[in-house]
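Novice: give me a 3D structure for the following:
(one chain, ligands or ions: 1)
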Amino acid sequence: MSDEFQKKVEEAIKNPTNMGEMADADSIGTVGSANCGDMLRVWVKYKEDAGKKIIDKATFQSFGCETAIAAASLAMEMIKGKTADEAMEMSGEELAADLGPLPPTKVHCTALVENALRDALDPNAAAGEENSPAQPESNSNLMDDFSQPESKGSGVKLVFLDEDK
Ligand code: FES
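Specialist: Numbers count the residues shown, from 1 in each chain. Sure, this is the predicted structure:
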């Protein structure tokens with residue numbers, strides 16, 4: 001791993017922005033990596049702007065490595081003001097572009113961010129929707145949900161990454 005990359009990751013995690021659960025989120029996405037066991041949850045809030053539904057704010061929580069936290073912190077800022085479709089077009093590497101070129105061993109960390117966002121931005125992932133019964137409460141945090149069985153309606157909805165991509 002290059003010193004430059006490591007320095008950028010350390011800078012980003014020194015003062016991560018947009019961290020923590022969002023009580024009034026419109027949608028939530030949670031992914032886990034079957035490869036490394038790390039997890040990331042994203043909360044998204046929309047607003048109307050000139051007739052378009054755009055992302056007002058997004059926050060995250062992570063049981064993940066420093067790169068995933070740094071990438072999520074940057075990505076939450078980058079998607080503000082975009083529509084869901086525009087944000088979903090962005091790859092993990094684009095979302096973490098400020099970190100510079102990723103070492104091959106860290107590409108999956110930004111994929112975790114990309115896929116948590118995709119899960120949150122999926123129209124079927126809206127909080128409280130009937131077709132997503134395992135969707136967590138918007139004000140729950142990742143740690144709380146680990147201690148709740150999914151059968152009680154508040155467990156973690158996990159979407160595992162396709163690590164072969
Ligand atoms: Fe798993 Fe970074 S090592 S997300």
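Novice: near the ligand, which residues of this structure are found?
Specialist: Selection of the chain residues close to the ligand by Cβ under 6 Å from any ligand atom yields Ser33, Cys36, Asp38, Gly64, Cys65, Thr67, Ala68, Cys109, Leu112. C-beta coordinates here come from the backbone N, C-alpha and C atoms, glycine included.
Novice: and the furthest pair within these?
Specialist: Within the residues of the chain next to the ligand, two members stand farthest from each other by Cβ to Cβ: Ser33 and Thr67, at 11.9 Å.
Novice: how many other residues sit next to Ala70?
Specialist: Number of residues near Ala70 (other Cβ atoms under 10 Å) recorded here: 27.
Novice: just checking, it touches Ala12?
Specialist: Yes: with contacts counted by Cβ atoms under 8 Å, Ala70 reaches Ala12, the gap being 3.5 Å.
Novice: overlap in contacts, these two.
Specialist: Taking Cβ atoms under 8 Å, 6 or more residues apart in numbering as the criterion, Ala70 and Ala12 both touch Leu99.
Novice: hang on, the earlier thing: now the residues of the chain next to the ligand as CSV including distance to Lys47?
Specialist: Listed next are these as CSV, based on distance: Cβ to Cβ, whole Å:
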residue, distance to Lys47
Ser33, 31
Cys36, 35
Asp38, 30
Gly64, 28
Cys65, 32
Thr67, 30
Ala68, 27
Cys109, 29
Leu112, 26
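Novice: tell me the one of those nearest Asp3?
Specialist: Nearest to Asp3 out of the residues of the chain next to the ligand is Thr67 (Cβ to Cβ; 14.6 Å).
Novice: mind listing the strands for this structure?
Specialist: Counting by DSSP state E, one finds strands in the chain at the ranges 27-32, 39-49, 52-63, 159-160.
Novice: just the C-alphas of the first one, formatted as CSV.
Specialist: What follows is strand 27-32 as a C-alpha-only set of coordinates in CSV (Å, rounded to 0.1, in the frame of the first residue of the first chain):
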residue,chain,number,x,y,z
SER,A,27,-34.2,4.6,2.9
ILE,A,28,-31.5,2.4,4.4
GLY,A,29,-29.1,-0.1,2.9
THR,A,30,-26.9,-2.6,4.6
VAL,A,31,-24.3,-4.8,3.0
GLY,A,32,-21.7,-7.3,4.3
